[in-house]
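Colleague: Prediction below, plus the sequence it came from.
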Amino acid sequence: MTNWRWWICSLLFIATTVNYLDRQVLSLTYKEFIAPEFHWTDNDYGTITSLFSIFYAIACLFAGKFVDWMGTKKGYLIAIGVWSLGAVMHAACGVATTWFVDGVDGVAALRAVEAGSNVALAISTTSVYLFLLCRGILALGESGNFPAAIKTTAEYFPKKDRAFATSIFNAGASVGALAAPLLIPPLAKSFGWEWAFIIIGGLGFIWMFFWQFMYDKPEKSKRVNEAELEYIHQDDAAEAAEKAAAASEKSIPFIQCFKFKQTWSFIFGKFFTDGVWWFFLFWAPAYFQDQFNAPASSPLGQGLIFTLYAIVTVISIFGGYLPRVFVDKKGMHPYNGRMLAMLIFAFFPLVALAAQPMGAMSPWWPAILIGIAGAGHQAWSANIFSTVGDMFPKSTVASITGIGAMAGGIGSMIIQKVAGALFTYAEGQGAAFHFLEFEGKPAGYFIMFCFCGLAYLIAWTIMKSLVPKYKPVEA
């Protein structure tokens, strides 16, 4: 038997790694390199990250349909081509800003403009709009990665291997998160922040070359022999029966989905928690620089960010196993076991409440505690998606998942914008702004950490009050 399916899986892993790297370039260059050049405040950065969140959520609603329509090969090529173009376009924002702002002769003059002047305001406003355009294109393309990758695994792997193949390509997100602080800040420091976007974004175009020549449907691929093809299609008869059963299953109209408490349970679960993960993702590098004078390009900054994501990667692996323990060994109903596991994971982010106070002892404590909180989110996220399958018919799962993704995007948009506005205000107020024993910007960070720490327990309580016990929705 040939093993071409695993080469295809390796391409999915690389694409997911690049996907995560491209998403991280802005957060790892914002505070140290981009903000001084464009005279951005945290409020400006909060606007960009908040709108990226909602762009991505909206695009996710249509990405799966697009990949199904275009087919796996073309759909994936277009998706990664669009997001790579959006990533590379960020590098042109400096030059483009000089075209629209009078009195600025060249990119080098942007940083030299007097802070607080009308010209500085024009630079920041113009550049924010340009970056928003690039982030919108990036979000549009990136939304196609997971639908295309999941579709590919369904084409190339039998059911028994799909979870393993998915775990392999999904590990690219963790590898990307770990590689980002080691690659991106040194590139920006050595060659300029523009080249960080160009080099990392260019990886996607290289991937497209390999995908074009390596991927074909298994039955058309010259590299898949009869034995492997028979192995891949071993479930065809069973899947055909499932599709026939699904076709006969009555679907719930989209608008009627909102009549069910189970739908609102999922909406609130996503709304309160998705933004927490994006907050840590977007703001951690800025936090370490603001609080501990550890820029992302410094050894300390790189070490802190790497440690944070290493903890997330290692601990979150066990997120999917705990419900199985409750179901297999304790005999609990799958939904009840999942909700109990989610309650346990909801306590993990509480450690974020200690991040700011413990930071007075060492910057490593916030990195460790935020990492634990992030791991709790990943474990929570893995289980909250499964609650949809527990309660809704298969014909409606995709619709409910899309509704939840949109709710999570709206929640993230609000959190990012509030964070940016809060940090800018707190910094401007200085000692006049205080929360508990902190004042100024540290007080702003402490407020956000408090919300992030409590968000999961709030979400779980609402979910449990809406659906106190297992009750499947009938079409």
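Modeller: Okay, I see it. Only a predicted model underlies this, so the values are computations on that prediction, with no experimental measurement involved. Numbers count the residues shown, from 1 in each chain.
Colleague: Going by residue numbers, what spans are helices in the stretch 301-450 of the chain?
Modeller: Assigned by DSSP state H, counting those that start in this stretch, the stretch 301-450 of the chain shows helices spanning 322-324, 334-347, 355-358, 364-391, 394-429, 441-466.
Colleague: neighbouring contacts of the first one?
Modeller: For helix 322-324, contacts defined as C-beta atoms under 8 Å, 6 or more residues apart in numbering pick out 334, 337-338, 340-341, 344-345, 379, 383, 386. From N, CA and C alone the C-beta is placed, and that goes for glycine too.
Colleague: Now that helix: buried residues?
Modeller: Applying a neighbour-count criterion of 16 or more other C-beta atoms under 10 Å, one finds 322-323 buried in helix 322-324.
Colleague: Just checking the distance from that helix to the centre of its chain.
Modeller: 24 Å (C-alpha atoms, centre = their mean, to the nearest Å).
Colleague: can you list the helices of the stretch 301-450 of the chain in a markdown table and add mean pLDDT and distance to Val104?
Modeller: Listed next are the helices of the stretch 301-450 of the chain as a markdown table, based on pLDDT from 0 to 100; distance: least, C-beta to C-beta, whole Å:
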| stretch | mean pLDDT | distance to Val104 |
| --- | --- | --- |
| helix 322-324 | 74 | 56 |
| helix 334-347 | 88 | 49 |
| helix 355-358 | 94 | 38 |
| helix 364-391 | 87 | 38 |
| helix 394-429 | 89 | 23 |
| helix 441-466 | 96 | 29 |
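Colleague: thinking again about what came up before, quick one: buried ones out of the contacts of helix 322-324?
Modeller: 334, 337-338, 340-341, 345, 379, 383, 386.
Colleague: What is the burial count for the residue lying closest to Trp365 once chain neighbours are set aside?
Modeller: Counting by C-beta to C-beta, 6 or more residues apart in numbering, Trp365 lies nearest to Met358, which is 3.7 Å off, once chain neighbours are set aside. Neighbours of Met358 under the rule other C-beta atoms under 10 Å: 16.
Colleague: Spit out the contact partners of Met358.
Modeller: Counting by C-beta under 8 Å, 6+ apart, Met358 touches 365-366, 369.
Colleague: ok now do the spatially most central residue of the chain, which residues does it touch?
Modeller: Most central in the chain under C-alpha atoms, centre = their mean is Trp278, positioned 6.4 Å from the mean C-alpha point. By C-beta under 8 Å, 6+ apart, the contact set of Trp278 is 49, 53, 412, 415-416.
Colleague: could I get these as JSON lines with neighbour count?
Modeller: Formatted as JSON lines, the contacts of Trp278 follow (neighbours: other C-beta atoms under 10 Å):
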{"residue": "Thr49", "neighbour count": "25"}
{"residue": "Ser53", "neighbour count": "27"}
{"residue": "Ser412", "neighbour count": "28"}
{"residue": "Ile415", "neighbour count": "27"}
{"residue": "Gln416", "neighbour count": "26"}
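Colleague: Let me have those in TSV, adding distance to Ser395 as columns.
Modeller: Below are the contacts of Trp278 laid out as TSV (distance: C-beta to C-beta, whole Å):
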residue	distance to Ser395
Thr49	35
Ser53	29
Ser412	28
Ile415	33
Gln416	34
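Colleague: of the buried ones among the contacts of helix 322-324, closest to Val101?
Modeller: Val101 lies nearest to Ala379 out of those, by C-beta to C-beta, at 46.4 Å.
Colleague: Please look at that closest one and Phe318 and confirm they touch.
Modeller: Yes - using C-beta atoms under 8 Å, Ala379 is in contact with Phe318, at 7.1 Å.
Colleague: could you point out which element follows the helix or strand of the chain with the lowest mean pLDDT?
Modeller: Across the helices and strands of the chain, mean confidence by mean pLDDT, DSSP states H and E is lowest for helix 236-248: a mean of 65. For helix 236-248, the following helix or strand on the C-terminal side (DSSP states H and E) is helix 261-292.
Colleague: buried set for that following helix?
Modeller: Buried residues in helix 261-292, counted by 16+ other C-beta under 10 Å: 262-292.
Colleague: cool, and stretch 338-354?
Modeller: For stretch 338-354, using 16+ other C-beta under 10 Å, the buried residues are 338-343, 345-346, 348-353.
Colleague: quick revisit: export the contacts of helix 322-324 to JSON lines and append columns for distance to Gly75.
Modeller: Listed next are those as JSON lines, based on distance: C-beta to C-beta, whole Å:
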{"residue": "Pro334", "distance to Gly75": "33"}
{"residue": "Gly337", "distance to Gly75": "36"}
{"residue": "Arg338", "distance to Gly75": "32"}
{"residue": "Leu340", "distance to Gly75": "38"}
{"residue": "Ala341", "distance to Gly75": "34"}
{"residue": "Ile344", "distance to Gly75": "38"}
{"residue": "Phe345", "distance to Gly75": "33"}
{"residue": "Ala379", "distance to Gly75": "30"}
{"residue": "Asn383", "distance to Gly75": "29"}
{"residue": "Ser386", "distance to Gly75": "26"}
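Colleague: Closest one to Leu26 out of these, please.
Modeller: Minimum distance to Leu26 across the contacts of helix 322-324 is 26.5 Å, recorded for Ala379 (C-beta to C-beta).
Colleague: hmm, back to that, distance of the residue nearest to Trp365 from Pro393?
Modeller: Using C-beta to C-beta, to the nearest Å, Met358 is found at 47 Å from Pro393.
Colleague: What of Phe100?
Modeller: To Pro393, Phe100 is 52 Å away according to C-beta to C-beta.
Colleague: Between those two, point out the one with more neighbours.
Modeller: Remark: of Phe100 and Pro393, Pro393 carries more neighbours, 17 against 14, as counted by other C-beta under 10 Å.
Colleague: Backbone dihedrals for that one, please?
Modeller: Dihedral pair for Pro393: phi -60, psi 150, per degrees, to the nearest 10.
Colleague: is it true that it touches Phe260?
Modeller: No - if you go by C-beta under 8 Å, Pro393 and Phe260 don't touch, sitting 11.5 Å apart.
Colleague: what sits in contact with each of the two?
Modeller: Val473.
Colleague: low pLDDT regions in the stretch 51-200 of the chain?
Modeller: Under the criterion pLDDT under 70, the flagged ranges of the stretch 51-200 of the chain are 163.
Colleague: outside of stretch 70-82, which residues touch it?
Modeller: Contact with stretch 70-82 is made by 15, 18-19, 63, 66-69, 137, 140-145, 147-149, 151-152, 155, 204-205, 207-208, 211-212, 215-217, as judged by C-beta under 8 Å, 6+ apart.
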